[in-house]
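Participant: What follows is a predicted structure for the sequence shown.
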Amino acid sequence: MSTPQLGRLAEFHRKKQLAPPTDLGQGIHALTIPLAGSPLRSVFMYAVETSDGLVLIDAAYDHPTCWDALNDALTEIRQQVSDVIAVLLTHNHPDHIGLAARIREVSGADLVMHARDDFLGQRRERGGFLEQLRTVLGQTGAPADVIEEMYVAATKVAVHHEDLVVQRLLNEPETDLVFGDVTVRAVHTPGHTCGHTAYLHPAGVVFTGDTLMPEGHTQLALAPLPSDDPTGDLLATLERIAGLDAGLVCPAHQYPFTDLAGRCRELVDWHTEEAERAQSVVAGLGDAPADAWQVAPSMSWAKPWDAMGTNSKRFALVHTHSLLKHRPEGQP
Ligand SMILES: [Zn+2]
Ligand SMILES: [Zn+2]
């Protein structure tokens, strides 16, 4: 992977343009898929060539523009959807699993995901994505009309495939997945979701989904249960994956980058400080128990709280809710 190519992908991101399919070497291609109507603008699907056929990482939104973009991108790298033998899903968010079932319909590909993100299996304990969202919004202390507006907006952004059937559910901290001459290691990386998984290619390329991007912070998982602590999960994940043998980091958004350990350290520091900031906002609010709705406007976001749209506020609010559940080691 040459540095000019990485620089070019970063440049496309900065100019808010969609990059063409990019050859990252070792039979790995970055495919930019536009996300209509989302502030994220686009998501990467990565295509990995193996002697058994093509493996994809993630599956964008369930939207005709995503399907067309995937087909066009695969044509450009002389592949097609029917060549796909497996789709490795980093996590169960609509911008990552949307086309999975459709790809399987065409190709018979196995879908792979961690069991803790499988809503069919997790439903009794945690509920599906929208149930979890409703529970969490209800716990934030936000007024009922705000909760309703945020919930409705969330259902409109994308199709949520809560009943996605996955052929291979991952249960272990690490699992080797063999595809002909390429063995990919699935590494459980909770924090952004309970079952988030990174995939390490033997050429030293790690696909990090939404856990680790080159800019900004990591959105925390919804935390509907009393024992949930996504900040604690994320900090442990970052400490662990910092040691992976990977010279190239391929996130699901923004652009690929090289310094895995350095970026992990940066994010550990940022999220540790953020948790402390949240506690100091709580302390400043006085004796009454503070909830996420009171704390969120005082935290640092990309835009001031009052300038944020409904979806951005929802992300910030549920993130704050998760943050407030963090108890650093040694604290009750
Ligand atoms: Zn996500
Ligand atoms: Zn995402």
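Facilitator: Yep, it's here. Ligands and ions are numbered 1, 2, ... in the order given.

Participant: Which residues of the stretch 1-150 of the chain lie near ligand 1?
Facilitator: Counting by C-beta under 5 Å from the ion, the positions of the stretch 1-150 of the chain adjacent to ligand 1 are His93. (Each C-beta comes from the backbone N, C-alpha and C, glycine too.)

Participant: For ligand 1, give me its nearest residue in the stretch 1-150 of the chain.
Facilitator: His93 (3.5 Å; C-beta to the ion).

Participant: same deal with the stretch 101-250 of the chain?
Facilitator: Asp210 (3.7 Å).

Participant: distance of the residue of the stretch 1-150 of the chain closest to ligand 1 from Ser107?
Facilitator: 22 Å (C-beta to C-beta, to the nearest Å).

Participant: Give the residue from the two that has the larger number of neighbours.
Facilitator: His93 (23 against 19; other C-beta atoms under 10 Å).

Participant: next helix or strand past the longest helix along the chain?
Facilitator: Longest helix in the chain by number of residues (criterion: DSSP state H): helix 260-284. Following helix 260-284 in sequence order, the next helix or strand is helix 292-295 (DSSP states H and E).

Participant: Need the contact partners of the helix or strand following that following helix.
Facilitator: As assigned by DSSP H and E, the chain's next helix or strand after helix 292-295 is helix 310-323. Applying C-beta atoms under 8 Å, 6 or more residues apart in numbering, the set of residues contacting helix 310-323 from outside is 39, 133, 136-137, 139-140, 142, 149-150, 153-154, 157, 219-223, 228, 230-231, 274-275, 278, 291-293, 295-296, 299, 301-303, 305, 308.

Participant: Is ligand 1 within reach of helix 310-323?
Facilitator: No: among the residues of helix 310-323, none lie within reach of ligand 1 under C-beta under 5 Å from the ion; the closest is 10.1 Å away.

Participant: Specify the angle between that helix and helix 260-284 in degrees.
Facilitator: 80 degrees (axes from the mean of the first three to the mean of the last three C-alpha atoms, to 10 degrees).

Participant: tell me which residues in helix 310-323 are buried?
Facilitator: Asn311, Lys313, Arg314, Phe315, Ala316, Leu317, Val318, His319, Thr320, His321, Ser322, Leu323 (16 or more other C-beta atoms under 10 Å).

Participant: And those residues, which is closest to ligand 1?
Facilitator: Phe315 (10.1 Å).

Participant: For that closest one, give its distance to Ser38.
Facilitator: 11 Å.

Participant: intersection of neighbour lists for the two?
Facilitator: With C-beta under 8 Å, 6+ apart, Phe315 and Ser38 have no common neighbours.

Participant: picking up where we left off before, distance from the longest helix of the chain to the middle of the chain?
Facilitator: Computed by C-alpha atoms, centre = their mean, to the nearest Å, the chain-centroid distance of helix 260-284 equals 19 Å.

Participant: re the thing from before, quick one, what contacts the residue of the stretch 1-150 of the chain closest to ligand 1?
Facilitator: Going by C-beta under 8 Å, 6+ apart, His93 touches Phe129, Thr193, Asp210.

Participant: which one of those has the most neighbours?
Facilitator: That'd be Thr193 among the contacts of His93, by other C-beta under 10 Å, with 26 neighbours.

Participant: In three-state terms, label it for me.
Facilitator: Using DSSP: H, G, I helix; E, B strand; the rest coil, the secondary structure recorded for Thr193 is coil.
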